[in-house]
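> Predicted model and sequence below, questions to follow.
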Amino acid sequence: MTGPQIMRISGGRLHLHHGPIDMIVGADGPGQEAGFARAADRFKGLLQELVDELPHLRCDTGPMPQGRVARRMARAVAPFAPRFITPMAAVAGAGAEEILAALCDGPGIAKAYVNNGGDIAFRLTAGQVMHGVVAADPVARLTIGHDHAVRGIATSGRGGRSLSRGIAESVTVLAASAAEADAAATMIANAVDLPGHPEVTRLAACEVSPDSDLGARLVTRVVGRLTRAEVDRALVAGVTYAETCLGAGLIAGAVLMLKGQCRIVGDLPVKTLTGTELMHA
């Protein structure tokens with residue numbers, strides 16, 4: 001594996017790539033260049049720190065990890081116990097937060113974000129807003145202001161980079177941090193399901209990816225034809241769990257997508273919608 005790759009790309013952004021980590025970093029303000037230098041410097045050792053603790057991070061039990069990012073991962077998934085979840089469910093969000101912290105550790109940064117494969121950590125100063133697109137195609141646009149509590153957005157589901165135990169195409173979660181959003185998106189996507197349905201093909205995670213933290217647990221590979229009622233039933237299961245997370249203060253809201261149907265949980269700042277059936281849960 002080659003070492004960290006750090007380069008400037010269009011739009012005045014920074015691209016950070018190393019192994020499975022692929023980040024796009026943006027910042028506005030007179031401190032941008034110094035911030036990018038701090039982000040790049042912090043990125044250089046990030047992957048190795050995670051690799052050093054990987055055996056612990058792939059387990060759902062065990063001692064608290066030692067590294068700063070690894071500990072952030074463990075804290076993000078802890079509220080979801082006793083359901084099965086490992087710190088790896090929060091790896092992308094936690095990594096984005098770490099680079100964002102370095103980026104913003106100095107003056108002159110009015111607005112900044114780190115997009116780690118679709119999981120986003122961001123900071124806003126007074127008067128700044130963050131625009132984002134959630135769900136598929138896209139169907140929803142968000143505008144998040146400085147006064148909003150959300151500072152992390154993450155998406156999970158069977159259409160993403162990671163394996164999913166549920167059947168949702170995507171579940172996008174807004175939360176106070178990217179690591180918390182990442183963990184919650186994983187769990188809510190798992191909850192959108194029709195256990196034992198003959199149109200859902202599943203395989204052991206270790207057969208799909210030998211190093212998966214899910215081991216022999218079944219993950220979804222193909223979702224065939226479902227009736228409208230079946231789609232609704234699966235989404236209701238996900239919404240029910242998402243509302244539990246909302247009530248516990250773990251998320252600010254979520255957008256759940258399956259077979260052209262969408263459900264929104266929470267009072268999200270959705271601005272425009274196109275092409276998909278939308279229902280507030």
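Thanks, I have the structure now.

> Let me know the distance separating Ala121 from Ala234.
Computed as Cβ to Cβ, to the nearest Å, the Ala121 to Ala234 distance reads 30 Å. Quick note: C-beta positions are derived from backbone N, CA and C, even for glycine.

> Neighbour count for the two, which is higher?
The residue with more neighbours, out of Ala121 and Ala234, is Ala121; 30 against 26, by other Cβ atoms under 10 Å.

> What pLDDT does the model give that one?
Note for Ala121: predicted pLDDT of 98.

> and what of the one 5 residues further on?
On pLDDT, Ala126 comes in at 94.

> That one and Asp147, how far apart?
9 Å.

> quick one: pLDDT of the residue nearest to Cys59 when sequence neighbours are not counted?
Closest residue in space to Cys59, ignoring its immediate chain neighbours: Thr86 at 6.1 Å, by Cβ to Cβ, 6 or more residues apart in numbering. Looking at Thr86, its pLDDT reads 96.

> Hmm, Arg217 and Thr86 touching each other?
No - using Cβ atoms under 8 Å as the test, Thr86 is too far from Arg217 to be in contact (10.8 Å).

> quick one: contacts for Thr186?
Ile85, Ala89, Ala90, Ser156, Ser162, Ser164 (Cβ atoms under 8 Å, 6 or more residues apart in numbering).

> Which one of the residues you listed is nearest to Ser170?
Ser156 (7.4 Å; Cβ to Cβ).

> give me the beta-bridge partners of the closest one?
Taking DSSP bridges, one finds Val171 as the beta-bridge partners of Ser156.

> Show the contacting residues for it.
Ser156 touches Ser162, Ser164, Ala168, Ser170, Val171, Val173, Asp182, Ala185, Thr186, Ile188, Ala189, counting by Cβ under 8 Å, 6+ apart.

> Any chance of the residues you listed in JSON lines with pLDDT and secondary structure as columns?
Formatted as JSON lines, the contacts of Ser156 follow (pLDDT from 0 to 100; DSSP: H, G, I helix; E, B strand; the rest coil):
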{"residue": "Ser162", "pLDDT": "81", "secondary structure": "coil"}
{"residue": "Ser164", "pLDDT": "95", "secondary structure": "coil"}
{"residue": "Ala168", "pLDDT": "96", "secondary structure": "coil"}
{"residue": "Ser170", "pLDDT": "92", "secondary structure": "strand"}
{"residue": "Val171", "pLDDT": "94", "secondary structure": "strand"}
{"residue": "Val173", "pLDDT": "95", "secondary structure": "strand"}
{"residue": "Asp182", "pLDDT": "97", "secondary structure": "helix"}
{"residue": "Ala185", "pLDDT": "97", "secondary structure": "helix"}
{"residue": "Thr186", "pLDDT": "97", "secondary structure": "helix"}
{"residue": "Ile188", "pLDDT": "98", "secondary structure": "helix"}
{"residue": "Ala189", "pLDDT": "97", "secondary structure": "helix"}
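
> got a winner among those residues for most neighbours?
Highest neighbour count within the contacts of Ser156: Ala185, with 38 neighbours (other Cβ under 10 Å).

> CA atoms of the helix or strand harbouring Ala70 as PDB?
According to DSSP states H and E, Ala70 maps onto helix 68-77. Extracted C-alpha coordinates of helix 68-77, given in PDB (Å, rounded to 0.1, in the frame of the first residue of the first chain):
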ATOM      1  CA  ARG A  68      -7.900   9.400  20.200                       C
ATOM      2  CA  VAL A  69      -9.900   8.500  17.000                       C
ATOM      3  CA  ALA A  70     -10.400   4.900  18.200                       C
ATOM      4  CA  ARG A  71     -11.800   6.100  21.500                       C
ATOM      5  CA  ARG A  72     -14.100   8.500  19.700                       C
ATOM      6  CA  MET A  73     -15.400   5.500  17.700                       C
ATOM      7  CA  ALA A  74     -16.000   3.400  20.900                       C
ATOM      8  CA  ARG A  75     -17.900   6.300  22.600                       C
ATOM      9  CA  ALA A  76     -20.100   6.800  19.500                       C
ATOM     10  CA  VAL A  77     -21.300   3.200  19.400                       C
END
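
> got the contact list for it?
46, 49-50, 53, 56-57, 64-65, 85-91, 93-95, 97-98, 177, 179-180, 182-183.

> now the helices: where do they sit in this structure?
32-43, 46-52, 54-57, 68-77, 91-103, 178-191, 205-208, 228-247 (DSSP state H).

> from the ones you listed, which stretch is densest packed?
helix 178-191 (a mean of 31; mean count of other Cβ atoms under 10 Å).
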